[in-house]
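Chemist: I would like the atomic coordinates for the input below:
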Amino acid sequence: MTPPVLDPLALRLENRLKMRHYVLLMAIDRHRSVTRVAEQMALSQPTVTRALADIEDIFMTPLFVRTRRGLEPTPAGEVVLARARFAVADNAALRQELRAVREGRQGRLRIGLIPYVSAQALQATWRHLLSLQPRLALVVHEDTTHNLMQAVRERVLDCAICRFSHDSTQDDLVQELLYRQQAYLVVARPSAALLARRTDLDIAQLAEMDWIFPPADTPIRHMIDAIFAAAGRQVPEPLVEAYSVRAISSALHHLPRGVTVLPGDIARTVAADGFAQVLPQPLPWSLPPVGLAWLRDSPKTAIAAQLADAVRQSC
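Modeler: Numbers count the residues shown, from 1 in each chain. So this is what the prediction gives:
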């Protein structure tokens, strides 16, 4: 019987590769200088040089080349560095999880949220996660869908409640539909009556108002762009850019001609203090649905799937 052919690279990775090798590669990528890496890691320059040579021997290929700008990663180096970042992030998450377990919890969940998550979905999220036994340590981060997706992919977050996006259907991500939202115009109270009289959008009038825009890489920003593009008009320059519900509500209090676009449930929350009004007709453009996203190979898959079921049942 012919013995199996052993892959020399696989043997090197299994027998010689250590976490400290990844840490050193990331330091070299960050500083692009053996001298600065040696200073930062309290090592001698020859030690760093020998360590890099040893790592390149493990991978059987050069990972950095010397240029006038310093050490630059080779194509193979870029591939290894991407894996190094994942491994180091996973290692940090593992340490924090084990700390939580030592404190009597079942682990740690890092969850991302877009600011426009509905109150109903948010209540369902807390109700489910805070009822688990043993309890989970929770870390919550709020950001745009684009940044949350990136954080999930980089293993900085375990999962995120965010909108479906053009890159959320790639094979590395699971995204479970939670609910849909309809967008509405929200207008400062002094200007609301003028716009509410019309059944169609007065684009010329809207163009002259004081707009509050969300960040550029958000679906609602794209919707605002579509409103004006469909009318053949230039998109106005926003007076305020904000993605915080409290900041938008406060700005509308001080802008008599203020206007923005928000999902219906968030719009009603902003208008509840009496300083703004939600126009009755929804906008004729659909927002991408809201879902829960996580990495397909995530160790938190079971927890994320249970959370998605709980939120979906409540919405």
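Chemist: OK, contacts around residue 298?
Modeler: 158, 159, 304 (C-beta atoms under 8 Å, 6 or more residues apart in numbering). C-betas here are computed from N, CA, C, even on glycine.
Chemist: so, low pLDDT: which residues of the stretch 1-150 of the chain?
Modeler: Of all residues in the stretch 1-150 of the chain, those with pLDDT under 70 make up the ranges 1-5.
Chemist: all strands for it, in order.
Modeler: With DSSP state E, counting those that start in this stretch, the ranges of strands along the stretch 1-150 of the chain come out as 64-67, 70-73, 107-113, 136-142.
Chemist: among those, which comes closest to residue 149?
Modeler: strand 107-113 (8.7 Å; C-beta to C-beta).
Chemist: most packed of the strands of the stretch 1-150 of the chain?
Modeler: strand 107-113 (a mean of 21; mean count of other C-beta atoms under 10 Å).
Chemist: other SSEs contacting it?
Modeler: Here strand 107-113 touches helix 75-102, helix 119-129, strand 136-142, helix 145-153, strand 159-163, going by 3 or more C-beta pairs under 8 Å, 6 or more residues apart in numbering; DSSP states H and E.
Chemist: which elements pack onto the longest one?
Modeler: Yep, that's helix 75-102 we're talking about. Against helix 75-102 (3+ C-beta pairs under 8 Å, 6+ apart) you get helix 19-31, strand 107-113, strand 136-142.
Chemist: what about 10 Å?
Modeler: Judged by 3 or more C-beta pairs under 10 Å, 6 or more residues apart in numbering; DSSP states H and E, helix 75-102 is in contact with helix 19-31, helix 45-59, strand 64-67, strand 70-73, strand 107-113, strand 136-142.
Chemist: ok so, going back, relative to residue 76, which of the contacts of residue 298 is nearest.
Modeler: residue 158 (29.6 Å).
Chemist: near the closest one, how many other residues are there?
Modeler: The number of residues packed near residue 158 is 23, by other C-beta atoms under 10 Å.
Chemist: the closest residue to it other than its chain neighbours and residue 107, how far apart?
Modeler: Using C-beta to C-beta, 6 or more residues apart in numbering and skipping the chain neighbours, the partner closest in space to residue 158 is residue 300 (4.3 Å). Applying C-beta to C-beta, to the nearest Å, the value for residue 300 to residue 107 is 8 Å.
Chemist: quick one: common contacting residues for these two?
Modeler: Listed contacts common to residue 300 and residue 107 are 93, 97, 136, 158; contacts here mean C-beta atoms under 10 Å, 6 or more residues apart in numbering.
Chemist: export the residues you listed to JSON lines and tack on distance to residue 115?
Modeler: Formatted as JSON lines, the shared contacts of residue 300 and residue 107 follow (distance: C-beta to C-beta, whole Å):
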{"residue": "93", "distance to residue 115": "24"}
{"residue": "97", "distance to residue 115": "27"}
{"residue": "136", "distance to residue 115": "23"}
{"residue": "158", "distance to residue 115": "19"}
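Chemist: show me which pair in those is furthest apart.
Modeler: 93 and 136 (13.4 Å).
Chemist: so what's residue 96 up against?
Modeler: Going by C-beta under 10 Å, 6+ apart, residue 96 touches 107, 108, 110, 137, 139.
Chemist: at 7 Å what do you get?
Modeler: When contacts are counted by C-beta atoms under 7 Å, 6 or more residues apart in numbering, residue 96 touches residue 108.
Chemist: same check on the one 10 residues further on?
Modeler: When contacts are counted by C-beta under 7 Å, 6+ apart, residue 106 is found next to 132, 134, 136.
Chemist: skipping adjacent residues, who's closest to the last one in space?
Modeler: It refers to residue 136. Closest residue to residue 136 apart from its sequence neighbours, by C-beta to C-beta, 6+ apart: residue 109 at 5.1 Å.
Chemist: so what's that neighbour up against?
Modeler: Contacts of residue 109 (C-beta under 7 Å, 6+ apart): 129, 136, 138, 158, 300, 303.
Chemist: switch the cut-off to 6 Å
Modeler: Residue 109 makes contact with 136, 138, 158, according to C-beta atoms under 6 Å, 6 or more residues apart in numbering.
Chemist: ok, these vs residue 10, which is closest?
Modeler: Taking C-beta to C-beta as the measure, residue 158 is the one of the contacts of residue 109 closest to residue 10, at 29.2 Å.
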